[in-house]
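Q: here's a sequence, model it:
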Amino acid sequence: MPLEIERKFLVTGDVWRDAAHEVVPMAQGYINDMAAMDRGEQKASVRVRIQGEAAFLNLKSRELGATRQEFDYAIPVADARALLALCVGGVIDKRRHYVRHEGHLWEVDEFVGDNAGLVVAEIELDRADEDFVKPAWTGKQVTDTARYYNLALASRPYGQWSDEERAATDIP
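A: Predicted structure coming up:
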């Protein structure tokens with residue numbers, strides 16, 4: 001069973017830009033929405049993503065936290081475009097910047113469009129208890145804060161958040 005183990009952090013400042021070695025534009029949407037997940041009607045999100053010149057269909061289990069089941073399948077870009085038209089909520093547009101730091105690859109997502117202003121960094125790990133060095137440009141961890149999940153951002157974009165929501169991370 002494929003597992004995704006990742007930690008998610010807010011990004012502070014722009015220092016990370018100098019270390020980025022690749023940038024890939026992405027557009028993604030969801031066949032289901034956050035409300036169906038919250039009500040327990042569905043146990044996985046179903047995502048369509050166009051990533052540069054490639055496209056993928058992705059299913060991810062609904063657990064909050066760092067470890068979730070994830071299944072990712074390459075599909076034709078034309079199919080992905082057709083599926084994006086069927087998605088609920090908005091399409092998420094972002095630029096993914098790849099940054100190497102202390103032996104790990106960080107993915108820094110700079111959101112545009114309805115989610116402009118939000119920048120989040122993720123690190124994928126081999127084990128949930130794996131040690132890693134946090135770059136100085138990472139801020140608060142938001143791994144367990146559902147509103148930062150892309151599925152939630154498709155339903156309620158960052159541009160609609162209150163100042164209080166932007167300041168809070170729901171983490172003690």
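Q: look through this structure and tell me its longest helix.
A: Determined from DSSP state H, the single longest helix within the chain is helix 77-84.
Q: residue contacts, the residue lying closest to residue 76 once chain neighbours are set aside?
A: Spatial nearest neighbour of residue 76, excluding adjacent residues (Cβ to Cβ, 6 or more residues apart in numbering): residue 55 at 6.6 Å. Heads up, the C-betas are built off the backbone N, CA and C, glycines and all. For residue 55, the contacting residues are 48, 49, 74, 75, 76, 77, 79, 80, 81, by Cβ atoms under 8 Å, 6 or more residues apart in numbering.
Q: rewinding a little: buried residues, the longest helix of the chain. List them.
A: By 16 or more other Cβ atoms under 10 Å, the buried positions in helix 77-84 come out as 80, 83, 84.
Q: helices or strands up against that helix?
A: Counting contacts by 3 or more Cβ pairs under 8 Å, 6 or more residues apart in numbering; DSSP states H and E, helix 77-84 packs against strand 20-30, strand 44-51, strand 54-61.
Q: partners of the last one, with directions?
A: For strand 54-61, the pairing partners within the sheet under DSSP bridges are strand 44-51 (antiparallel), strand 67-74 (antiparallel).
Q: would you confirm that residue 54 contacts residue 77?
A: Yes: between residue 54 and residue 77 there is a contact under Cβ atoms under 8 Å: 7.2 Å.
Q: lovely, talk soon.
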